[in-house]
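Visitor: 3D model of this:
(chains A and B)
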Amino acid sequence: MSKNVRVRFAPSPTGPLHIGGVRTALFNYLFAKKHNGTFILRIEDTDQNRYVEGAENYIIDALNWCNIPFDEGPGKNETFGPYRQSERKHLYKQYADKLIASGNAYYAFDTSDELDFHRKDHEAKGKTFIYNWHNRLKLKNSLSLSTEDTQAKLDNGDHYVIRFKSPQDETLHLKDSIRGDIKIDTNILDDKVLFKSDGMPTYHLANIVDDHLMEISHVIRGEEWLPSLALHIQLYTAFGWEAPEFAHLPLILKPTGKGKLSKRDGDKLGFPVFPLEWKDPKDNATSSGYKEEGYFADAVVNFLAFLGWNPGTEQELFSLDELITAFDLERVNKAGARFDPDKIKWFNHHYMQEQNNDDLAEAFKTQQSELAEIDVNYIAMVIGLIKERATFISDFWQLSSYFFIAPENYDEKASKKAFKEGTKDLMSTLITIISNVNDFEVESLQKEVKGWITENEIGFGKVMMPLRLALVGALQGPDVFDIMYMIGKNETIKRIEKVVNSL
RNA sequence: GCUCCGUUCGUCUAACGGUUAGGACGUCUGCCUUUCUAGCAGAAAAUAAGGGUUCGAUUCCCUUACGGAGUACCA
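Guide: Have a look, this model is predicted:
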């Protein structure tokens, strides 16, 4: 990479960042780190009507939780700041004026109502209203009006917008690092608004000006921007600036049904679409987040990296550092990727196994009130025995409650299977055998109990199943000898006695 | 409607003209002389369709179908 790599993630603070946005941020981050570049966060808040309180902080918290923090952005290394477009408002007008001076843009005085009327009118006739070369002279703008009339309107303080003058009969050759060459006929392009009547630039102008001023080298963004690429490239040309390289990422689609995954899908689909929990300031409605649902950041990142990208090898488990090394824009796919809630669970199960048991014990203890008085070291040992069956910390209690509390009752189906004729006598004998194991270590227990079963040709199932039921209350859990060792001699005998008495 | 982008197992994907079309998730089956939501082993499962180009097409071209995005003084 010859030039300095500087990439930006430029979300709009209109609500929580959704999982597709996180993926875009991640790819920018990976690309930046891979090339020793800079990852920039820019807040695109040019639409004041859609601003949502708390959204910016949410975005920053989400990036931090994923361990993909920005290098430059609001409140951090502000060499190219400010990084909020609302704070850069004063910058944009002069650039719009330059475009007017060079003949690449013009003033337009049409009201929203007038434009709406034209659109509806065209629609009724089965046509599409496009504000461009073929009709701009019939509309109210500085191209159709005389210089004097235009100036009079401006002096009068009439509301106006500034539109880009899209050229006629040209073919644009656009380049996208993921999609290759794209040809566009300028005749179908419309004269996009660059500067709004409220004095703010639109996304298109602000985006190009800021990317240029912030010396962005590569624009990596969602595919929804592909149709705007023609305009953006023309703007760079009109300004006489060198354009960055563009890469449009495939969209993340709903697991089933139609369309891209969107914020409004919320929890309707049965899984979170946000990295962190979000409480809507308007109605206090809460949307769940991956963090709060018990997902590990590493798992989410690993999963997201594989949505639209792959390393070309059969390795699927990647740490963030490994992702940085392996990442390559050339290996990003073109087609949209469906979100798979099962696969992200599988990743989480894997990352669960890599967690430290002591850390998990702390988290488990704070989540489960029954554990308040229990020693964390004991909890950590229990976790060591059961975590291979867990995907989330919230699975722990269901998998391990019997290590802390004796079972109240026995699973009905399992009882029928395990409690048979002779079980009562066998369990009584078992109590005697266990009582005689003095050190109560797993190995000794195993030796004694298995020895007794084998010598007397009893059959493992006849002893182990009722024993497991006595200890656990159901046919689940790790090795019964581990369980006996953990809960101790007295508790083990107590639980078997309870079964004997109930038979 | 129009414009652009896309299309390999149910899902995420590998293959950059020559492979028995590979892997992962999920599903199913078996094993674990003691359970399981775990583990291990195995199985089923795909090149959207039709034309070209080529000795040979998943791969290149065209058409159709389907999917996605965009079409705002929103980003």
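
Visitor: list the contacts for residue A:401?
Guide: residue A:370 (CB atoms under 8 Å, 6 or more residues apart in numbering). In short, each C-beta sits where N, CA and C put it, glycine included.

Visitor: if I've got this straight, it is in a helix?
Guide: Yes: counting by DSSP: H, G, I helix; E, B strand; the rest coil, one finds residue A:401 located in a helix.

Visitor: what about the residue lying closest to residue A:10 once chain neighbours are set aside, distance to residue A:203?
Guide: Take residue A:10 and drop its neighbours on the chain: the residue closest to it by CB to CB, 6 or more residues apart in numbering is residue A:42, 4.4 Å away. Residue A:42 is 12 Å from residue A:203, where distance means CB to CB, to the nearest Å.

Visitor: before we move on, what about residue A:469?
Guide: 64 Å.

Visitor: those two: which is more packed in?
Guide: Remark: of residue A:469 and residue A:203, residue A:469 carries more neighbours, 23 against 19, as counted by other CB atoms under 10 Å.

Visitor: please, which helix or strand holds the more buried one?
Guide: helix A:460-472 (DSSP states H and E).

Visitor: on the three-state scheme, the residue nearest to residue A:69 when sequence neighbours are not counted is what?
Guide: In space, and not counting its chain neighbours, residue A:69 is closest to residue A:63: 5.7 Å by CB to CB, 6+ apart. Using three-state DSSP, the structure places residue A:63 in helix.

Visitor: is it true that residue A:63 touches residue A:41?
Guide: Yes: under the criterion of CB atoms under 8 Å, residue A:63 makes contact with residue A:41 at 7.1 Å.

Visitor: and for the two, which residues touch both?
Guide: Joint contacts of residue A:63 and residue A:41 (CB under 8 Å, 6+ apart) are A:9, A:70.

Visitor: where in chain A is the helix or strand with the lowest mean pLDDT?
Guide: helix A:412-418 (a mean of 84; mean pLDDT, DSSP states H and E).

Visitor: after that helix, next one along is what?
Guide: Criterion used, DSSP H and E; the element after helix A:412-418 is helix A:423-435.

Visitor: buried sites along the helix or strand following that next one?
Guide: Using DSSP H and E, the helix or strand that follows helix A:423-435 towards the C-terminus is helix A:442-455. By 16 or more other CB atoms under 10 Å, the buried positions in helix A:442-455 come out as A:445-446, A:449, A:452-453.

Visitor: which non-adjacent residue is nearest residue A:82?
Guide: Residue A:82's closest residue in space is residue A:88 (CB to CB, 6+ apart), at 5.8 Å.

Visitor: hmm, I was thinking of residue A:453
Guide: residue A:463 (5.5 Å).

Visitor: correct me if wrong: the one you found contacts residue A:431.
Guide: No: look at residue A:463 against residue A:431 with CB under 8 Å: they stay out of range, at 11.9 Å.

Visitor: need the strands for chain A, in chain order.
Guide: Along chain A, the stretches classed as strands by DSSP state E are A:6-9, A:38-41, A:105-108, A:161-164, A:171-176, A:180-185, A:193-195, A:218-222, A:245-249, A:252-253, A:278-279, A:286-287, A:337-338.

Visitor: among those, which is nearest residue A:261?
Guide: strand A:252-253 (4.9 Å; CB to CB).

Visitor: how near is residue A:122 to residue A:391?
Guide: Applying CB to CB to residue A:122 and residue A:391 gives a distance of 54 Å.

Visitor: these two: which is more packed in?
Guide: residue A:391 (19 against 14).

Visitor: where does the more buried one land on pLDDT?
Guide: Here, the pLDDT recorded for residue A:391 equals 96.

Visitor: quick one: contacts for it?
Guide: A:294, A:345, A:348-349, A:352.

Visitor: can you report phi and psi for it?
Guide: Reported as degrees, to the nearest 10, the phi and psi values for residue A:391 are phi -100, psi -40.

Visitor: now swap in residue A:441 and tell me
Guide: Dihedral angles for residue A:441 - degrees, to the nearest 10 - are phi -90, psi 160.

Visitor: around residue A:184, how many other residues sit close by?
Guide: Residues near residue A:184, counting by other CB under 10 Å: 18.

Visitor: er, residue A:244 I mean
Guide: 21.

Visitor: show me which of residue A:463 and residue A:431 is the more surrounded one.
Guide: residue A:463 (22 against 17).

Visitor: so the more buried one versus RNA strand B, what's the distance?
Guide: 8 Å (CB to the nearest atom of the strand, to the nearest Å).

Visitor: burial of residue A:172, as a residue count?
Guide: Every residue meeting other CB under 10 Å relative to residue A:172 is counted, giving 17.

Visitor: repeat for residue A:457
Guide: So residue A:457, with other CB under 10 Å, has 6 neighbours.

Visitor: and the pLDDT at it?
Guide: For residue A:457, the predicted pLDDT is 83.

Visitor: likewise for residue A:266?
Guide: For residue A:266, pLDDT reads 66.

Visitor: same deal with residue A:424?
Guide: For residue A:424, pLDDT reads 87.

Visitor: how about the nearest residue to it, chain neighbours excluded?
Guide: Once flanking residues are discounted, residue A:424 sits nearest to residue A:503: 4.3 Å by CB to CB, 6+ apart.
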